[in-house]
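1. how does the following fold in three dimensions:
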Amino acid sequence: LETIGDLEIRKYQPHNIARTLVSGEFTEVANGGFRRLAGYIFGSNQAEQKIAMTAPVAQIPTEAGDYWLTFSMPTEHDFKELPDPADSRVELLQVPAKTIAVLAYRGSWSEKRYRKHEQAMQQTLESSGDWEVIGLPSWFRYDPPVMPWFLRRNEVAVEVIATTPVNE
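-> Numbers count the residues shown, from 1 in each chain. So this is what the prediction gives:
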């Protein structure tokens, strides 16, 4: 929709995700959750069907202090066609259309680096006055751990609504 400095406002269409709830420290929860979700797409599901890996991997906080780790399902898979997970800790969800504010950055997966960009995103949104934040910021990661840390693509994202009508 628009950019505000380094911040992008994006419209996401409805999509399907596989997700799992993980407890633990910010930078440590991805490992266990990733393995569960990877198992699902690599065939640990009722149909033993393999599903293509997509990016980003999202880490979404809950009000209780846990995290949802999510994989987006490829768009060619209708929700009703996705196989049921074999692991009861993995669930499938239909996500409605939403508008997201996103600040992209490169570098390590440290919590300090994430928090720095989260704060910059929130300050940019507050100073613009055009967008109201809904919910808690999420962390999107696009690259595998083998990618050199300085090349990793990351984003801080949060759902927003326009404070004034937006012309589309």
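
2. give me the number of residues near residue 126?
-> Residues near residue 126, counting by other CB atoms under 10 Å, number 11. For every residue, glycine as well, the C-beta is placed using N, CA and C.

3. let me know the secondary structure of it.
-> Three-state call for residue 126 (DSSP: H, G, I helix; E, B strand; the rest coil): helix.

4. find the centremost residue of the protein, please.
-> residue 58 (2.6 Å; CA atoms, centre = their mean).

5. so what does the nearest residue to residue 159 once chain neighbours are set aside look like in phi/psi?
-> Setting aside the residues directly before and after it, residue 159 is nearest to residue 134 in space (CB to CB, 6 or more residues apart in numbering), at 4.4 Å. The phi/psi pair for residue 134 (degrees, to the nearest 10) reads phi -120, psi 120.

6. quick one: contacts for residue 134?
-> Contacts for residue 134 were tallied using CB atoms under 8 Å, 6 or more residues apart in numbering; they are 158, 159, 160, 161.

7. any idea how far residue 92 is from residue 7?
-> Distance check for residue 7 against residue 92: by CB to CB, to the nearest Å, it reads 31 Å.

8. brain fart, residue 28
-> Where residue 92 is concerned, residue 28 sits at a distance of 25 Å (CB to CB).

9. what about those two, which has more around it?
-> Under the criterion of other CB under 10 Å, the comparison of residue 28 against residue 92 puts residue 92 first, with 16 against 12.

10. how near is that one to residue 112?
-> Relative to residue 112, and taking CB to CB, residue 92 is found at 33 Å.

11. over to residue 13?
-> Distance from residue 13 to residue 112, by CB to CB: 33 Å.

12. now residue 30
-> 16 Å.

13. more neighbours: which of the two?
-> residue 30 (19 against 8).

14. how far away from the center of its chain is stretch 147-160?
-> 10 Å (CA atoms, centre = their mean, to the nearest Å).
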